[in-house]
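Asks: Sharing a sequence plus its predicted fold:
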2 protein chains.
Amino acid sequence: MIEIERKFLVTSNAFKDVAFTQNRIAQGYLSSVPERTVRVRIKGEKGFLTIKGNSSESGLSRFEWEKEIPVEEAKALLNLCEKGGIDKTRFEIKSGNHIFEVDEFYGENEGLIIAEVELKSETEIFEKPNWIGEEVTNDNRYYNSYLSKNPYKSW
Amino acid sequence: MIEIERKFLVTSNAFKDVAFTQNRIAQGYLSSVPERTVRVRIKGEKGFLTIKGNSSESGLSRFEWEKEIPVEEAKALLNLCEKGGIDKTRFEIKSGNHIFEVDEFYGENEGLIIAEVELKSETEIFEKPNWIGEEVTNDNRYYNSYLSKNPYKSW
């Protein structure tokens, strides 16, 4: 139930040519405080409820609990969420033994593209594609929960 | 996904003699704002995650979504919850065609006993046992989410 990941800004659209999946995602927050975020997500025809804890001191590890739920229930729960919310497309791209998830944001977060890679340990090595830019793992402004209340266009 | 219920104070311990179930409950809140409470509950050997919306104007109806989850996951999620939390025993008592759920609180809420009856409509008639006292359906102080932050002993 611990998630280890690193997060980067993306410097070009080149990732789109090599993506092997692409899914529109709508999500909202029942709680957006970093100590206990509760997220409702609709991804294609699937619904998910996800609970995350605060990041570790390094910013790399985070408690995460997720359950798939019926999409109709996810829609009802989205109606209950805080104002704001996130609309994005998620692309998946292979890089060596790892998979990068790249999120292109829309609406009030238009212009923002973030890549994440999940690791087995905080020190694991991974191949960095050439469209990967500055690391923002430790910058809480790039939490989706933060972006839902303080969108990128308002920065 | 709409719950209709009425809530009452309890005036004696007579309900204990007629209860047909009795379960200790520990619960905490990932969100305790009335617009979207997210509750983690351990009841005996079962875990539950429950999401509720705000009450209707009458105070009687409320959106409610609940899923059973493994008790080990519920324990991990309880660790993430806001400070406070609720410790109580729930008794179930038959009254005519209805079941009253009576909660006896402990810890910082010691001294408080609340009975709830779930109804099919806001106008449904039900038999009131003689240990039922003042109705508190519209008093948000008796929400468990409120009691977890503002316990009865501090009133």
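Replies: That came through, no problem.
Asks: For the rest of this, base every contact and every neighbour count on C-alpha atoms.
Replies: Noted.
Asks: what comes up buried for the longest helix along chain A?
Replies: When chain A is parsed with DSSP state H, its longest helix is helix A:71-78. When neighbours are counted by 16 or more other C-alpha atoms under 10 Å in any protein chain shown, the buried residues of helix A:71-78 are found to be A:Val71, A:Glu73, A:Ala74, A:Lys75, A:Leu77, A:Leu78.
Asks: Chain B contacts on chain A?
Replies: Residues of chain A found near chain B (C-alpha under 8 Å from any C-alpha of the partner chain) are A:Leu30, A:Ser31, A:Glu35, A:Arg36, A:Thr37, A:Val38, A:Gly53, A:Leu80, A:Cys81.
Asks: Considering those, which possesses the most neighbours?
Replies: Counting neighbours by other C-alpha atoms under 10 Å in any protein chain shown, A:Leu30 leads these with 28 neighbours.
Asks: check which helix or strand covers that one.
Replies: Counting by DSSP states H and E, the element that carries A:Leu30 is strand A:21-31.
Asks: For that strand, give me every contacting residue.
Replies: A:37-44, A:78, A:80-82, A:84-93, A:145, A:148, B:30-31, B:36-38 (C-alpha atoms under 8 Å, 6 or more residues apart in numbering or on different chains).
Asks: The longest helix of chain A: what's the following helix or strand?
Replies: Heading C-terminal from helix A:71-78, the first helix or strand you meet, by DSSP H and E, is strand A:86-95.
Asks: The residue nearest to A:Gly84 when sequence neighbours are not counted: what's it in contact with?
Replies: What sits nearest to A:Gly84 in space, not counting adjacent residues and going by C-alpha to C-alpha, 6 or more residues apart in numbering or on different chains, is A:Ser148, at 4.9 Å. With C-alpha under 8 Å, 6+ apart as the criterion, the residues that contact A:Ser148 are A:Gly28, A:Lys83, A:Gly84, A:Gly85, A:Ile86.
Asks: Which parts of chain A are helices?
Replies: Ranges of helices within chain A are A:15-18, A:71-78, A:144-149, based on DSSP H.
Asks: spatially speaking, which residue is in the middle of chain A?
Replies: Most central residue of chain A, judged by C-alpha distance to the mean C-alpha position with C-alpha atoms, centre = their mean, is A:Asn144 at 6.1 Å.
Asks: so what's the residue nearest to that residue when sequence neighbours are not counted bridging to?
Replies: Of all residues not flanking A:Asn144 in the chain, A:Ile86 sits nearest, at 7.2 Å (C-alpha to C-alpha, 6+ apart). Beta-bridge pairing of A:Ile86 under DSSP bridges involves A:Gln27.
Asks: any idea how far chain B is from A:Ile86?
Replies: Distance, A:Ile86 to chain B, using C-alpha to the nearest C-alpha, to the nearest Å: 18 Å.
Asks: and what of A:Ile2?
Replies: 11 Å.
Asks: Equivalent analysis for A:Val71, please.
Replies: Shown here: A:Val71 relative to chain B, a distance of 13 Å by C-alpha to the nearest C-alpha.
Asks: Do I have it right that that residue meets A:Leu77?
Replies: No. With contact taken as C-alpha atoms under 8 Å, A:Val71 and A:Leu77 are classed as non-touching, separated by 9.7 Å.
Asks: which of the residues in stretch A:6-21 are buried?
Replies: A:Arg6, A:Lys7, A:Phe8, A:Leu9, A:Val10, A:Phe15, A:Ala19.
Asks: A:Lys52 pairs with what?
Replies: Beta-bridge pairing of A:Lys52 under DSSP bridges involves A:Thr37, A:Glu64.
Asks: residue contacts, it?
Replies: Taking C-alpha under 8 Å, 6+ apart as the test, what A:Lys52 contacts is A:Pro34, A:Glu35, A:Arg36, A:Thr37, A:Val38, A:Arg62, A:Phe63, A:Glu64, A:Trp65.
Asks: Let me know the closest of these to B:Leu112.
Replies: Taking C-alpha to C-alpha as the measure, B:Leu112 sits nearest to A:Arg36 out of those, at 28.7 Å.
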